[in-house]
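Undergrad: Structure of the sequence below:
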Amino acid sequence: MRILYYSPHPELNFHAPTGYGRHMREMVAAFREAGHEVDLLIGGGDRVMANSKPASVKKNASRKMIPPLAWQSARDLALLRFDRRMGARLALKIAEFKPDMVYERVAYLQASGVRTCRKVGIFHFAEVNAPFPEERHYFSGKSLLIGLSRKIEREIFTQTNAMSTVSEALRRYALRVATQVEGKISVIPNAIDPDGLPNRLNGKAIRADLNVANHIVIGFVGSVFAYHGVDLLIKGFAKIESQYPATLLIVGDGAILPELRRMAAQLGIAKKVHFTGSVPHADVYHYIDAMDICCMTKSNWYGSPVKIFEYGLLAKAILAPNVAPVRDVMTESDGKFCEPDVEDIAKKLSELLQNKALREELGLHWNRKVLSNYTWAHAAQKVLDLCT
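TA: Next comes the predicted model:
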């Protein structure tokens, strides 16, 4: 099969060192590994990025003088104009590549994929990773085009030939938006590539460098944003750290990192909390290898966290957020679940810290499940099954 991987959003780069960038690359690699010919059309570019940080919307002094509603509405109008240009590029690419299917990573306000495919009679597959109007409003604020974005979302769900969501909660959301999608939608969570592990892991060396070789290392890996709950993890750790030979390791960078450093100092635990800042993605598994307990204490209601699968690949005990998308894939036999609450996090950390056998049992059970069910090869095959 000839597959055209399409991402129309101008801010999503194929090689971005982020969850979405990894998702793009892994799905393309899995399609190719399965023997299919894949070409790319990526609105945000498919060249390796010059720096390691995700792209962001450019800011300038004039923005401060424009009301937020007007600014965000203008930004959305620019997205619509970009989508029209991408539609023209897509039509040319289809004529040149002659795909059997266009596989689109759906994005906010971008309808060019489904419209162009219907016009030229090409099978369209929609990968849906978020409730985009809601997500856009949460992260960026109000826009006069939110109503239009909902209409476009409904159009994509209705007109696509097949679609996937990353969680059951998001599937139910899609059914509320367009009830007629029932027969063409499947849940395909995020996943991992078992072959992506380095041949040799350096966790012991990292522990030695941090002088925590004999400690139980609790860790978090990822972008350090408020919605990941790293602040709750630090506060929960502060409540129980004096009872155990434990260390907290925060791997990643983000806007609130300076604030978290101050928090650790104010709580009197700065010497027991290590912040690495940004690390190359190639080194992430080395840091996970250095951990005994891997944490993600907060997540949204719809997303499938890649972190829990990466943690599982190394058979680590996991403290995971008690949200529906995580419960889609994990049970009490796979990890501990916590509420976004400091007291509950402290309690669950204590349960894991004082029971090594439990940590090993949970880690191995989740590892087996990940390798059996949640690889990118499995994800790609589920897509292909929906298209036949």
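Undergrad: Quick check: next helix or strand after the helix or strand of the chain with the lowest mean pLDDT?
TA: The weakest-scoring helix or strand in the chain, judged by mean pLDDT, DSSP states H and E, is helix 132-140 (a mean of 92). With elements assigned by DSSP states H and E, the helix or strand that comes after helix 132-140 is helix 146-159.
Undergrad: buried ones in that next one?
TA: 146, 149, 152-153, 156-157, 159 (16 or more other C-beta atoms under 10 Å). C-beta here means a position set from N, CA and C on the backbone, and glycine is covered the same way.
Undergrad: and what of stretch 254-263?
TA: Applying 16+ other C-beta under 10 Å to stretch 254-263 flags 254, 257, 260, 263 as buried.
Undergrad: Closest to Cys295 out of those?
TA: In terms of C-beta to C-beta, no member of the buried residues of stretch 254-263 lies closer to Cys295 than Leu260, at 13.8 Å.
Undergrad: Let me know the helix or strand that that closest one is in.
TA: Counting by DSSP H and E, Leu260 is part of helix 257-266.
Undergrad: who's in contact with the following helix or strand past that helix?
TA: Of the helices and strands lying after helix 257-266 in sequence (DSSP H and E), the nearest is strand 273-277. Residues from elsewhere that reach strand 273-277 (C-beta atoms under 8 Å, 6 or more residues apart in numbering): 210, 212, 234, 237, 247-253, 257, 260-261, 264, 287.
Undergrad: from those residues, which would you call buried?
TA: 212, 234, 237, 247-253, 257, 260, 264, 287.
Undergrad: Next, the angle helix 146-159 makes with the least confident helix or strand of the chain.
TA: Calculated by axes from the mean of the first three to the mean of the last three C-alpha atoms, to 10 degrees, helix 132-140 forms an angle of 140 degrees with helix 146-159.
Undergrad: Tell me which residues of helix 132-140 come out buried.
TA: For helix 132-140, by 16+ other C-beta under 10 Å, it's 132-134, 136-137.
Undergrad: can those residues go into CSV with extra columns for distance to Gly183?
TA: As requested, the buried residues of helix 132-140 are exported to CSV (distance: C-beta to C-beta, whole Å):
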residue, distance to Gly183
Phe132, 22
Pro133, 24
Glu134, 25
Arg136, 28
His137, 30
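Undergrad: my guess is Met101 contacts Tyr6, does it?
TA: No. Met101 lies out of contact with Tyr6 (C-beta atoms under 8 Å); the separation is 10.0 Å.
Undergrad: So between the two, which is more surrounded?
TA: Tyr6 (29 against 22; other C-beta atoms under 10 Å).
Undergrad: isn't there a strand covering the more buried one?
TA: Yes. If the criterion is DSSP: H, G, I helix; E, B strand; the rest coil, then Tyr6 is within a strand.
Undergrad: what's the closest non-adjacent residue to it?
TA: Glu104 (4.4 Å; C-beta to C-beta, 6 or more residues apart in numbering).
Undergrad: Relative to Leu233, how far out is that neighbour?
TA: Distance from Glu104 to Leu233, counting by C-beta to C-beta, to the nearest Å: 35 Å.
Undergrad: who's the spatially closest residue to Gly222 that is not a sequence neighbour bridged to?
TA: Leaving aside its chain neighbours, Gly222 sits nearest to Gly252 (5.0 Å; criterion: C-beta to C-beta, 6+ apart). Per DSSP bridges, residues listed as beta-bridge partners of Gly252: Gly277.
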